[in-house]
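> My questions concern the predicted model and sequence given below.
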Amino acid sequence: MAVSAFDLFSIGIGPSSSHTVGPMRAALMFVEGLRAAGRLDEVARVRAELFGSLGATGHGHGSDKAVLLGLEGERPEDVDTDTVPDRVAAIRAAGRLRLLGAHDIAFTEDDDLVMHRRKSLPLHPNGMTFAAWTASGDELAHRTYYSVGGGFVLDENSTDGPVISADTTPVPYPFRTAADLLRHCEDDGKTIAEVMLANELVWRTQAEVRSGLLGIWQVMQDCVTRGCEREGVLPGGLKVPRRAHALHAKLAAEDGAGDPLYVMDWVSLYALAVNEENASGGRVVTAPTNGAAGIIPAVLHYYTRFLSVATDDGVVDFLLTAAAIGVVLKETGSISGAEVGCQGEVGSACAMAAAGLTAVLGGTVAQVENAAEIGLEHHLGLTCDPVGGLVQIPCIERNAVGSTKAINASRMALRGDGTHVVHLDKVIKTMRETGADMHTKYKETARGGLALNVIEC
Ligand code: SF4
């Protein structure tokens with residue numbers, strides 16, 4: 001399967017790519033399937049069931065709201081995030097849904113949107129089923145989907161078998177592993193960004209790739225701006241205060257003279273701003289997940305605001321390089337906290353950002369791979385234990401720490417010559433195996449770690 005940079009960097013809605021974006025897409029796929037089969041007008045009842053991690057932490061992650069909006073035809077990339085609370089409240093108050101905005105049915109949330117806290121489906125921790133019936137009780141459709149991380153949805157009933165995407169477009173440089181990727185670079189004398197760009201050109205022109213990636217970058221910048229403007233407490237009941245606004249005011253009032261790490265405070269700020277926006281259900285770029293959405297924007301802000309070499313071309317190369325590493329992580333590891341813990345989310349984002357930064361600071365292909373390897377290696381074993389099932393504690397700070405780690409990983413790689421003992425592929429394999437050994441309570445179920453030891457008030 002060919003994965004594009006635009007699959008890994010998709011514009012979505014917080015707080016979670018796997019628990020919000022994925023369920024919204026799955027619900028939409030289900031009702032679009034009914035419409036394609038010409039059965040939408042016959043539907044009198046729809047029932048959605050969420051299993052595993054989705055069932056356990058879905059309320060905190062907004063999965064319930066995402067399903068309602070997806071059934072009404074909304075897409076994560078263009079749903080108006082400011083109107084979501086009112087839309088959902090209106091559905092609940094009326095007890096009615098407008099499927100794809102066109103077909104009105106009664107909807108009883110207690111019966112028709114079921115969160116199974118202790119039941120799972122076989123293929124992945126984030127399973128969902130959707131069913132629809134006529135007024136006389138005849139079943140019109142029944143489908144099973146899995147939200148496998150980063151907003152990707154796997155359709156168990158696909159005619160091609162359970163696949164994430166049917167995109168089998170041949171690309172000039174097919175790769176699954178870092179070794180494949182480096183071999184292409186070596187054989188054709190290309191950078192990682194050039195290899196990734198050559199693949200992207202099977203879907204879009206070079207101008208479209210450039211403008212699309214700069215558009216993604218603009219959404220990241222808008223997200224940071226909004227995060228720095230908004231004050232108050234994050235939704236969900238933990239009463240976590242937003243910190244980015246006050247930190248921004250403080251940093252803007254200082255000149256940083258005499259503090260060599262002043263810039264790092266800005267990097268933390270950028271990440272906090274994105275992840276506070278994400279936690280409040282705002283517009284974010286999934287990079288490669290929502291939980292870890294702050295790291296790539298924070299490191300890109302560091303590049304563009306503090307390094308004199310920064311250019312728009314550099315931003316494009318950064319994102320292409322990060323995406324290539326993301327493809328390898330997704331194809332051979334995992335970017336899903338529910339599957340392998342936070343090492344797959346924040347660890348992956350750190351590796352991608354470290355690689356992107358190293359590339360645009362003139363690193364060789366070997367140094368880029370080394371930076372990604374350092375970024376991931378030092379997140380191995382990291383569990384996912386969101387307090388209250390909300391993407392707030394530890395997620396928001398973890399992105400700030402992951403961002404500074406990415407810069408450190410890049411600097412370490414750039415100070416070396418690219419030779420190192422542990423190859424990125426080995427670290428990804430280790431992440432996958434560590435994730436398989438990890439107890440379920442540490443994989444986005446909010447039943448272990450901090451989630452257990454921090455009392456919700
Ligand atoms: S702990 Fe990590 S993996 Fe879990 S929800 Fe938070 S950011 Fe995502």
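Structure's in. What do you need? Treat the numbers as computed from the prediction; the structure is a model and nothing was measured. Residues are numbered from 1 along each chain as shown.

> nearest residue to residue 68 other than its sequence neighbours?
Closest residue to residue 68 apart from its sequence neighbours, by CB to CB, 6 or more residues apart in numbering: residue 91 at 5.3 Å. (Each C-beta comes from the backbone N, C-alpha and C, glycine too.)

> ok, the one you found - contacts?
68, 72, 97, 107 (CB atoms under 8 Å, 6 or more residues apart in numbering).

> do the same with residue 317
Counting by CB under 8 Å, 6+ apart, residue 317 has contacts 191, 193, 356, 359, 360.

> wait, which of the residues you listed is closest to the ligand?
Comparing the contacts of residue 317 against the ligand with CB to the nearest ligand atom places residue 356 closest, at 19.3 Å.

> Which residue ranges make up the domains of this protein?
5-155, 178-456 (automatic domain parsing).

> And those domains: which comes nearest residue 172?
domain 178-456 (5.0 Å; CB to CB).

> Can you give me the buried ones in the helix or strand where residue 314 lies?
Counting by DSSP states H and E, the element that carries residue 314 is helix 312-332. For helix 312-332, the neighbour count (16 or more other CB atoms under 10 Å) marks 314-330, 332 as buried.

> roughly how far out does it sit from the chain middle?
Mean-position distance between helix 312-332 and its chain equals 14 Å (CA atoms, centre = their mean, to the nearest Å).

> List the contacts of the helix or strand just after it.
Counting by DSSP H and E, the element after helix 312-332 in chain order, helix or strand, is helix 337-340. With contact meaning CB under 8 Å, 6+ apart, helix 337-340 is reached by 18, 52-54, 124-126, 148-149, 289, 291, 333-334, 344-345, 384, 431-432, 434-436, 438, 443-445.

> the strands in the stretch 251-400 of the chain, which residues?
Assigned by DSSP state E, counting those that start in this stretch, the stretch 251-400 of the chain shows strands spanning 283-286.

> what residues does it put near the ligand?
Residues of the stretch 251-400 of the chain found near the ligand (CB under 6 Å from any ligand atom) are 291, 292, 337, 342, 345, 346, 384, 386, 391, 394, 395, 398.

> Keep only those of the residues you listed that are in helices.
Applying DSSP state H to those, the entries found in helices are 337, 346, 395, 398.

> what about residue 181, distance to residue 300?
As judged by CB to CB, to the nearest Å, residue 181 and residue 300 stand 21 Å apart.

> Which one's more surrounded, these two?
Neighbour count, other CB atoms under 10 Å: between residue 181 and residue 300, residue 300 has more, with 28 against 24.

> isn't that one right up against residue 216?
No - Residue 300 is beyond contact range of residue 216, at 10.0 Å (criterion: CB atoms under 8 Å).

> Overlap in contacts, those two.
Contacts common to residue 300 and residue 216, judged by CB under 8 Å, 6+ apart, are residue 319.

> Name the residues that touch the lowest-mean-pLDDT helix or strand in the chain?
Scoring the helices and strands of the chain by mean pLDDT, DSSP states H and E places helix 450-453 at the bottom, with a mean of 88. By CB under 8 Å, 6+ apart, the surrounding residues in contact with helix 450-453 are 385, 386, 387, 388, 389, 393, 394, 441.

> Closest to the centroid, which residue in the protein?
residue 289 (1.2 Å; CA atoms, centre = their mean).

> ok, and the closest non-adjacent residue to that one?
residue 17 (4.3 Å).

> before we move on, the earlier item: who wins for proximity to residue 170 among the domains of the chain?
Taking CB to CB, domain 178-456 is the member of the domains of the chain nearest to residue 170, at 7.3 Å.

> Residue 282 against residue 11, yeah?
No - counting by CB under 8 Å, residue 11 is not a contact partner of residue 282; they are 11.4 Å apart.

> part of a strand, is residue 98?
Yes - under DSSP: H, G, I helix; E, B strand; the rest coil, residue 98 falls within a strand.

> Closest residue of the stretch 151-300 of the chain to the ligand?
Counting by CB to the nearest ligand atom, the stretch 151-300 of the chain gets nearest to the ligand through residue 291 (2.6 Å).

> Does that residue touch residue 395 like I think?
Yes - Residue 291 is within contact range of residue 395, at 5.2 Å (criterion: CB under 8 Å).

> anything in contact with each of the two?
With CB under 8 Å, 6+ apart, residue 291 and residue 395 have common neighbours residue 386.

> which of the two has more neighbours?
residue 291 (34 against 27).

> on that earlier part again, taking the mean pLDDT, what do you get for the helix holding residue 314?
Throughout helix 312-332, pLDDT has a mean value of 98.

> before we move on, the earlier item: report the mean confidence score over the helix or strand harbouring the residue nearest to residue 68.
Element membership of residue 91, judged by DSSP H and E, is helix 84-94. Helix 84-94 carries an average pLDDT of 96.

> Could you list the buried residues of it?
84, 87, 88, 91.

> which one of those sits closest to residue 224?
residue 84 (20.7 Å).

> Excluding chain neighbours, what is closest to that closest one?
residue 281 (6.0 Å).

> okay, residue 166: pLDDT?
46.

> For residue 290, give me its contacts.
12, 14, 15, 16, 17, 18, 20, 21, 151, 278, 284, 391.
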